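Chemist: dropping a prediction and its sequence here:
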Amino acid sequence: MIGLLAVLGVIVLAGGALLPLARVPLAVAIWVQGVGVGIVGIAGAIAFFGDRVAGSGFRAGVHPGFGIDPTSGFFLIVIAVTAVPVLVYSVGYIPGVGSARIVASLGGAFLLALIGVVCARDALSFLACWELMTILPAACILIARPELEVRRAIVEYLAITHLGGTGVWIAVLVLAERGVWGGASLSAQGSGVVALVGIAALVGFGSKAGLVPLHMWLPRTHPVAPSPLSALMSGVMVKVALYGLIRIVFTWMDPAPTWLGIAVMVVGAVSAFGGILGALVQRELKRLLAYSTIENVGIVAMALGASIVLGAAGAHTWAAIAFAAALLHVLNHAVIKAVLFLSAGSIERATGEHRVDRLGGLLGRMPWTGAAFGVGILAIAGIPLLNGFASEWLILESVIHAVGSSGHAAAAVSALALAVLAATIGLALLCFVKLGGLALLGRPRSDGARNAADVGRTMRAGVVALAGGCLVLGTFPGLVLAPLLRLRSAPMPSGMGVGLWLPGTGGLPTLGLLIVIGLATTVLLGVRGRRSEPAPVWNCGQADEPALAWTSAGFSSSLLLSVRGVLPTERVLTRDAGGGVLTDVRYAQHVPNHFEAQLYQPLQRMALRLAHLARRLQSGSLQAYVAYFVAVLIVLLIFARLVGS
């Protein structure tokens with residue numbers, strides 16, 4: 001049944017991807033895509049919750065094969081839960097995009113590639129779907145927006161993901177060549193092969209997931225992508241990249257060595273802290289959300305690293321809890337980031353603005369979108385009873401146990417990771433309080449925000465459904481946590497139920513708290529009665545002018561002063577004077593991208609110098625080319641002779 005459902009869903013989705021090219025009404029084609037993804041998600045849910053397997057098993061040969069096991073089923077759920085509301089939203093959004101029919105068709109093909117990566121059971125199919133997953137969104141963005149700035153962003157995206165993705169090819173081909181992909185033991189291949197596969201997988205899959213330092217494509221690509229595609233890339237594609245890392249480390253490397261767990265935890269900690277610092281200083285809405293994705297992928301990596309460390313130390317129950325917490329955060333972040341990116345698309349379309357400082361007062365002017373956006377902000381900030389809190393709390397508990405359950409080196413790294421995680425969670429709260437306050441509350445800061453009105457029904461329905469998912473997953477996390485623990489052959493802790501409960505740490509009765517808060521809110525609204533009359537704002541005797549309102553820089557200025565050693569800020573003070581009298585003072589500050597300045601730009605200059613040197617070899621002379629060939633041949637013959645002797 002699972003296999004038939006999956007095949008049916010893929011066929012429907014493929015048909016929906018072709019329909020826009022056949023001049024079928026665009027809305028119909030997108031609805032068909034949504035039905036197809038939904039069917040595939042149902043197949044994944046049956047496999048995940050029912051602990052069932054369908055289709056082919058993993059094989060070392062080159063014959064194409066696809067199948068579903070509980071791990072693949074979970075990621076199919078992630079794809080479906082995110083993609084179906086995104087497609088509902090796209091019914092109203094995509095017609096306003098350039099080359100809408102081609103974009104809709106490529107979007108369907110992109111979903112097929114995501115499903116293919118998760119279900120591929122041979123190395124050839126996996127790598128083919130992996131490359132399609134990389135190329136299709138780039139083509140979609142270029143067709144929708146062919147401007148020069150967009151082309152540059154896509155070139156950087158392709159360059160980073162393909163250079164880093166070399167690690168994916170190395171890891172997968174080594175596993176296939178050694179027979180590990182088909183079931184042979186990786187540990188029997190020797191520690192050198194284990195190290196090669198582990199490092200290659202971390203670099204390769206980490207580059208697509210957005211882990212530091214190969215993360216710069218995210219803040220470059222998301223601001224120029226259509227919002228539904230941003231939601232799929234940030235909510236799903238980076239999680240499918242994590243699927244590849246999880247599959248290699250926790251299926252074929254199990255038990256993974258402690259050093260790999262430490263490396264994953266360190267990379268995750270740097271990504272989480274760097275991502276949230278980057279988000280705090282951003283003033284462009286979608287770029288802020290892109291840096292937040294880097295932060296949350298780093299949090300997932302920290303949990304995976306803690307799971308490896310705990311497993312190597314023999315704390316198998318907490319290793320399974322850390323693994324389950326990582327995957328729960330994968331699902332939670334996919335839903336949260338989808339609602340945030342879709343809401344950002346609605347805000348941009350309604351206001352014509354994408355800078356946070358140009359928004360304001362949108363909760364009253366766009367009540368449906370504003371409310372959904374507010375729920376997403378509260379969830380990503382880790383507010384209790386929403387899904388972001390549930391998984392972050394589990395990850396925090398797991399890292400705490402890693403500190404006391406491992407050796408000296410792993411314990412020291414875990415302690416540092418714990419401090420970084422706590423700081424990251426606090427900074428995320430500051431970041432999204434800033435975003436919610438500036439975008440949703442207060443007075444409009446531009447004509448676009450002042451004249452904004454809510455978007456169409458399908459666009460509202462998509463974000464409201466995702467916001468509801470944030471509440472459901474935050475109230476009933478135990479329903480997902482139990483089968484996630486089963487993936488690591490760990491029993492469900494007694495007493496968990498539908499809420500949060502962990503051995504030795506207590507719990508949180510989420511459903512009971514939700515009922516109490518709901519009743520209290522109802523009573524307060526009834527007692528409050530009619531709305532209060534608005535009152536003027538007191539500004540110490542000054543007129544209430546927009547220039548006195550809080551700005552993005554105002555929220556983050558105190559933080560920037562305290563971390564100026566890590567994030568030095570460039571400040572510019574301009575004074576205008578006339579006739580010896582100061583007439584105007586303007587202040588501006590800018591936080592340069594230090595990764596780009598210190599890492600990417602030097603590498604780019606080096607690559608250009610090497611390309612310039614190589615270009616000299618292209619003289620156009622046939623005699624020179626023959627000489628090159630003879631020289632290479634002589635070198636190879638000498639090398640063969642030396643090796644043979």
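Modeler: Yep, that arrived.
Chemist: wait, a helix at Arg575?
Modeler: No. Arg575 sits outside any helix when classified using DSSP: H, G, I helix; E, B strand; the rest coil, being strand.
Chemist: for it, what are its contacts?
Modeler: Listed by Cβ atoms under 8 Å, 6 or more residues apart in numbering, the contact set of Arg575 reads 582, 584-585. The C-beta positions use only the backbone N, C-alpha and C, and glycine is treated the same way.
Chemist: neighbours of Pro534, how many?
Modeler: Counted with other Cβ atoms under 10 Å, residues neighbouring Pro534 total 6.
Chemist: report the separation between it and Phe66.
Modeler: Taking Cβ to Cβ, to the nearest Å as the measure, Pro534 and Phe66 are separated by 60 Å.
Chemist: and Phe48, by the same measure?
Modeler: Relative to Phe66, Phe48 is positioned 17 Å away (criterion: Cβ to Cβ).
Chemist: what of Gly345?
Modeler: From Gly345 over to Phe66 (counting by Cβ to Cβ), the distance is 33 Å.
Chemist: who has more neighbours, the two?
Modeler: Using other Cβ under 10 Å as the criterion, Gly345 and Phe66 rank with Gly345 on top: 29 against 22.
Chemist: spit out the contact partners of the more buried one.
Modeler: 89, 93, 226-228, 230, 459.
Chemist: what helix or strand is it located in?
Modeler: Applying DSSP states H and E as the criterion places Gly345 in helix 316-351.
Chemist: sort out which residues of that helix are buried, please.
Modeler: Counting neighbours by 16 or more other Cβ atoms under 10 Å, one finds that the buried residues in helix 316-351 are 317-351.
Chemist: what do you get for stretch 13-21?
Modeler: Going by neighbour count (16+ other Cβ under 10 Å), the buried part of stretch 13-21 is 13-17, 19-20.
Chemist: tell me how far that stretch lies from the chain's centre.
Modeler: The gap between the average C-alpha position of stretch 13-21 and the chain average comes to 26 Å, counting by Cα atoms, centre = their mean, to the nearest Å.
Chemist: and for stretch 147-154?
Modeler: With Cα atoms, centre = their mean as the basis, the distance from the averaged C-alpha position of stretch 147-154 to the chain average is 21 Å.
Chemist: give the contact list for the residue nearest to Arg145 when sequence neighbours are not counted.
Modeler: In space, not counting the residues next to it along the chain, Arg145 is nearest to Val224; the distance is 5.9 Å by Cβ to Cβ, 6 or more residues apart in numbering. When contacts are counted by Cβ under 8 Å, 6+ apart, Val224 touches 141, 145, 149-150, 153-154.
Chemist: which one of the buried residues of stretch 13-21 is nearest Gly36?
Modeler: Using Cβ to Cβ, Leu13 is the member of the buried residues of stretch 13-21 that sits closest to Gly36, with 3.0 Å.
Chemist: wait, that closest one touches Leu111, no?
Modeler: Yes. Here Leu13 reaches Leu111: they are 6.1 Å apart, a contact under Cβ atoms under 8 Å.
Chemist: find the residues that touch each one of these two.
Modeler: Residues within reach of Leu13 and of Leu111 at once, by Cβ under 8 Å, 6+ apart, are 33, 37.
Chemist: count of neighbours near Ser621?
Modeler: Using other Cβ under 10 Å, Ser621 has 9 neighbouring residues.
Chemist: again, but for Val97
Modeler: Using other Cβ under 10 Å, Val97 is surrounded by 20 other residues.
Chemist: roughly how far does it sit from Ser90?
Modeler: As it turns out, when the distance is counted by Cβ to Cβ, Val97 lies 9 Å from Ser90.
Chemist: likewise Thr458?
Modeler: Taking Cβ to Cβ as the measure, Thr458 and Ser90 are separated by 8 Å.
Chemist: which one of the two has more residues nearby?
Modeler: In this comparison of Thr458 against Ser90, neighbours counted by other Cβ under 10 Å, the higher total goes to Ser90 at 33 against 17.
Chemist: mind checking the SS state of the more buried one?
Modeler: Secondary structure for Ser90, judged by three-state DSSP, is helix.
Chemist: give the contact list for it.
Modeler: Contacts for Ser90 (Cβ under 8 Å, 6+ apart) come out as 30, 104, 107, 228, 462.
Chemist: redo those residues as CSV? Include neighbour count.
Modeler: Written out in CSV, the entries for the contacts of Ser90 read as follows (neighbours: other Cβ atoms under 10 Å):
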residue, neighbour count
Ile30, 28
Ala104, 28
Gly107, 27
Pro228, 30
Gly462, 30
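Chemist: farthest pair in these?
Modeler: With distance counted by Cβ to Cβ, no two of those lie farther apart than Ala104 and Gly462, which are 14.9 Å apart.
Chemist: picking that back up, quick one: which of the contacts of Arg575 sit in helices?
Modeler: Among the contacts of Arg575, none falls in helices (DSSP state H).
Chemist: mind listing which of those are in strands?
Modeler: By the criterion of DSSP state E, membership of the contacts of Arg575 in strands covers 582, 584-585.
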